[in-house]
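In: Build the 3D model from these lines:
(2 chains)
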Amino acid sequence: MKSYITYFKLKFKTGLQYRAAALAGMATQVFFGFVYVSIYVAFYESGSGNLPMKLNEIVSYVWLGQSLHAIVYMWYKDKEILNMIKSGNIAYELCRPQDLYFMWASKILGERLSNCALRFLPVILFALILPSPFNLDLNIALPRLLLFIVVMILSTILMTVLVLLYHVICLITLDEKGIVNIFMVVSDILSGMLIPIPFFPKYLQNISNILPFRYITDFPFRLYVGNISMNEGFIGIIIQIIWIVILIILGRLITKKALKKAVIQGG
Amino acid sequence: MSFIEVKHINKTFKVPIKSSGRFGALKTFFSRKYNYIKAINDISFSIKKGEIVGYIGPNGAGKSTTIKILSGILVPDSGNVVIDKMIPWKDRKKYVSKIGVVFGQRSQLWWDIPAIDSFNLLKNIYKLDDKEYQKTLNELIELLNLKDIINIPVRNLSLGNRMKCEIAASLIHKPKILFLDEPTIGLDAISKKVVREFIKKINKQNKVTVILTTHDMADIEALAKRIILIGKGKLLYDGSLSKLKRKYDYFRKIKVITKDKIKIEEEYVIEQKNIEGGIEFIIDIRKIEINEFIKLISSKISISDIDIDSGNIDELIVKLYEDFKI
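Out: Residues are numbered from 1 along each chain as shown, chains lettered A, B, ... in the order given. Alright, predicted model coming up:
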């Protein structure tokens, strides 16, 4: 366990070194957040009013998405891992007395949390000082906040195992382009990152309720803004855990299969 | 039973053939053809504890593949490997903590941070005891003279210094076996010497079994008493270097500096040519002893200097490759 934490720490530390990247990320998130919020405000002011989410709910939803963007977006590629697979440097990784799967999990988690750590607060602060209706709503009851924190932790784990699944598939395809890219785009859309799930057509809502993607983004954020009841929240937690278990089993199976047939690139 | 026991291993790689030409890419998309390349073809050998074995062969012979199988990274299609009572790819996690590996063309050190940080990380990965680690580290620093380079980010190190750090990194957990895949590639003469001396030392002091692949025959000459030669995936020779030399290394180049002229037409002279200030003979020492030959020519001409080239192991290997048609 200690060695996995070491990987996490190393990645976290290196991630914190890239201050320029963090600043750029912050600016991007603030910009996109503001654009999305403005669109929704305009949309709601001219609309018929028969909409599945209230304006203050969706605005807070957008700001949560932007401040936690580094954790929840699905189009994520760990360059180090992919390079290792492509160049064959994975040979060294396999010479370590460790489980490849969990080693990579701690790397991905470390990198993404470090990215988020630098961006989270500034974006939240910006969203708070904006005038109504553009601002993030901090008005939340304590039980709901506690539940949200639990859900968010599970969502982070779910994100890690899902992203990791894409990376271990690359052990077979040897490249992240093609099928893995398509998976990433689809999961981004079905996670509710672009548009919250209630705005989807009914059949797509039903599909995304079964799939794991929604439980990374849409579910925790809507729980926070009060669009989902506490009871539904508890059910969601169970679904999150089930998906985490399924994805870990699947990922480990693929890793095992792939390593048996491994070809180490480049001599 | 030997320390390392390899029995009849085979490994085939499936390589897709890409058609060239205008519609080549399209063609390969619809009908894939594969080439099956036998990287390793029924190789068996055994190695005793504390041996240094040179594993040689031309490019593409299957050296690296063998090393990867022995270090538990690749799984052979068939055959058996037992090392220190473990099957490398089955008991991978347990097994790899007993071995050290250096791939000369890759790096195990973290590029952006000083080597010492990588070492500390490896300490945690291998779950080493603080005291033990510090002791090993100090030994390595002294033996490889790393004191001044250990705090410089790896990307700023010269290749020679980096290789020293790589080797140190692979020994930090005191492995019983060390696999070196072309450890001296791209190094200058001095760095090569340092690396060789060091390998000799740890083999003697810590009884580390060393298996090394290389294209530099001077490495083999300096380190390995035993060599295993493979070509096109097959085992061609397994035995001592000196025996191989006796068998294949029978030409000697003798340079004679003289003003006189002489022509020897005997069967033991393979070649004779005039060079600046003298004559160069290539003789077959199976047919005449060197001192006989020198006696013979010194009785006929006056010699101001003589130089005997004691045979080059590189040439020996070329001859060997030709002999086995690889």
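In: Quick check: closest non-adjacent residue to the residue nearest the centre of chain A.
Out: Per Cα atoms, centre = their mean, the C-alpha nearest to the average position across chain A is that of A:Val72, at 2.1 Å. Distance criterion Cβ to Cβ, 6 or more residues apart in numbering or on different chains; nearest residue to A:Val72, sequence neighbours excluded, is A:Thr217 at 4.7 Å. C-beta here means a position set from N, CA and C on the backbone, and glycine is covered the same way.
In: any idea of the pLDDT on that neighbour?
Out: pLDDT, the model's per-residue confidence, is 93 for A:Thr217.
In: Report the contact partners of it.
Out: A:Thr217 makes contacts with A:65, A:72, A:155, A:191-193, as judged by Cβ atoms under 8 Å, 6 or more residues apart in numbering or on different chains.
In: if we go to 10 Å?
Out: Residues touching A:Thr217, when contacts are defined by Cβ atoms under 10 Å, 6 or more residues apart in numbering or on different chains, comprise A:61, A:64-65, A:68-69, A:71-74, A:155, A:159, A:187-188, A:190-194, A:196-197.
In: Any chance you could list what contacts stretch B:297-308?
Out: The set of residues that contact stretch B:297-308 without belonging to it, under Cβ under 10 Å, 6+ apart, is B:252-262, B:264, B:277-281, B:283, B:290, B:293-294.
In: end-to-end on it?
Out: 14 Å (Cα to Cα, to the nearest Å).
In: Also stretch A:136-144?
Out: 16 Å.
In: if you average pLDDT over that stretch, what comes out?
Out: The model assigns stretch A:136-144 a mean pLDDT of 89.
In: can you list contacts of it?
Out: Defining contact as Cβ under 10 Å, 6+ apart, one finds that stretch A:136-144 is touched by A:33, A:37, A:56-57, A:59-64, A:66-67, A:123-130, A:145, A:147-148, A:223-226, A:228-230, A:233.
In: and what of stretch B:272-291?
Out: B:246, B:249-271, B:292-293, B:295-297, B:301, B:303-311.
In: from the chain's centre, how far out does it sit?
Out: Using Cα atoms, centre = their mean, to the nearest Å, the mean C-alpha position of stretch B:272-291 is found 31 Å from that of the whole chain.
In: Mind listing what's buried along that stretch?
Out: Neighbour-count burial for stretch B:272-291, with 16 or more other Cβ atoms under 10 Å in any protein chain shown as criterion, is recorded at B:278-281, B:283, B:288.
In: now the helices for the stretch 151-267 of chain A?
Out: Along the stretch 151-267 of chain A, the segments classed as helices by DSSP state H, counting those that start in this stretch run A:179-190, A:202-210, A:218-225, A:230-260.
In: what's the most buried one of these?
Out: Sort the helices of the stretch 151-267 of chain A by mean neighbour count, taking mean count of other Cβ atoms under 10 Å in any protein chain shown, and helix A:218-225 sits at the top with a mean of 26.
In: what separates that one from the chain centre, distance-wise?
Out: In terms of Cα atoms, centre = their mean, the centre of helix A:218-225 is found 13 Å from the chain centre.
In: Please apply the same query to stretch B:201-217.
Out: Averaging C-alpha coordinates over stretch B:201-217 and over its chain gives two centres that are 10 Å apart (Cα atoms, centre = their mean).
In: And stretch B:290-301, by the same measure?
Out: Per Cα atoms, centre = their mean, the centroid offset for stretch B:290-301 relative to its chain is 39 Å.
In: ok, back up a step: and the contacts of stretch B:297-308, which of them are in strands?
Out: Filtering the contacts of stretch B:297-308 for membership in strands, criterion DSSP state E, returns B:252-257, B:278-281, B:283.
In: and of those residues, the nearest to chain A?
Out: Sorting the ones in strands among the contacts of stretch B:297-308 by distance to chain A puts B:Lys253 at the head of the list, at 34.4 Å, by Cβ to the nearest Cβ.
In: Touching, that closest one and B:Glu271? I think so.
Out: Yes - when contacts are counted by Cβ atoms under 10 Å, B:Lys253 is listed as touching B:Glu271 (9.0 Å).
In: The two: which is more packed in?
Out: B:Lys253 (17 against 10; other Cβ atoms under 10 Å in any protein chain shown).
In: Which stretches in the stretch 201-326 of chain B count as strands?
Out: Per DSSP state E, counting those that start in this stretch, the stretch 201-326 of chain B carries strands over the ranges B:209-213, B:226-231, B:234-240, B:251-257, B:269-275, B:278-284, B:305-309.
In: does any bit of the helix or strand of chain A with the lowest mean pLDDT sit next to chain B?
Out: Across the helices and strands of chain A, mean confidence by mean pLDDT, DSSP states H and E is lowest for helix A:2-17: a mean of 77. Yes - taking Cβ under 10 Å from any Cβ of the partner chain as the criterion, helix A:2-17 and chain B are in contact, through A:2-7, A:9-10, A:13-14, A:17.
In: Name only those of those that count as buried.
Out: Among the residues of helix A:2-17 next to chain B, those classed as buried by 16+ other Cβ under 10 Å are A:3-4, A:6-7, A:10, A:14.
In: ok, these vs B:Ile69, which is closest?
Out: A:Ser3 (25.2 Å; Cβ to Cβ).
In: thinking that closest one is in contact with B:Ser97, fair?
Out: No - contact between A:Ser3 and B:Ser97 fails when scored by Cβ under 10 Å: they sit 11.1 Å apart.
In: any shared contact partners between the two?
Out: Common neighbours of A:Ser3 and B:Ser97 (criterion: Cβ under 10 Å, 6+ apart): A:96-98, B:125-127.
In: Just the ones of the residues you listed in helices?
Out: Per DSSP state H, helices hold the following members of the shared contacts of A:Ser3 and B:Ser97: B:Ile125.
In: want to throw the shared contacts of A:Ser3 and B:Ser97 into a markdown table with pLDDT, neighbour count and distance to B:Asn151?
Out: As requested, those are arranged in a markdown table below (pLDDT from 0 to 100; neighbours: other Cβ atoms under 10 Å in any protein chain shown; distance: Cβ to Cβ, whole Å):
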| residue | pLDDT | neighbour count | distance to B:Asn151 |
| --- | --- | --- | --- |
| A:Arg96 | 87 | 19 | 24 |
| A:Pro97 | 86 | 17 | 27 |
| A:Gln98 | 84 | 22 | 27 |
| B:Ile125 | 87 | 20 | 21 |
| B:Tyr126 | 88 | 18 | 22 |
| B:Lys127 | 88 | 12 | 25 |
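In: Which members of the shared contacts of A:Ser3 and B:Ser97 are the farthest-apart pair?
Out: Spanning the widest gap among these are A:Arg96 and B:Lys127, at 11.1 Å by Cβ to Cβ.
In: can you list the weak-confidence ranges in the chain?
Out: By default, I'm working from chain A. Scanning chain A for pLDDT under 70 picks out the ranges A:49, A:262-267.
In: My question was about chain B, not that one.
Out: Counting by pLDDT under 70, the ranges of chain B that qualify are B:1, B:19, B:21, B:24-25, B:28-29, B:310-313, B:326.
In: How is it partitioned into domains?
Out: Taking automatic domain parsing as the reference, chain B has its domains at B:47-246, B:250-310.
In: Tell me which of those domains sits most buried.
Out: Comparing those by mean count of other Cβ under 10 Å gives domain B:47-246 as most buried, with a mean of 19.
In: could you measure whatever residue of the stretch 51-200 of chain A ends up closest to chain B against A:Ile90, distance?
Out: Distance from chain B to each residue of the stretch 51-200 of chain A (Cβ to the nearest Cβ) is smallest for A:Pro97, at 3.9 Å. In this view, A:Pro97 and A:Ile90 are 15 Å apart by Cβ to Cβ, to the nearest Å.
In: again with B:Lys263
Out: Separation of B:Lys263 from A:Ile90 (Cβ to Cβ): 63 Å.
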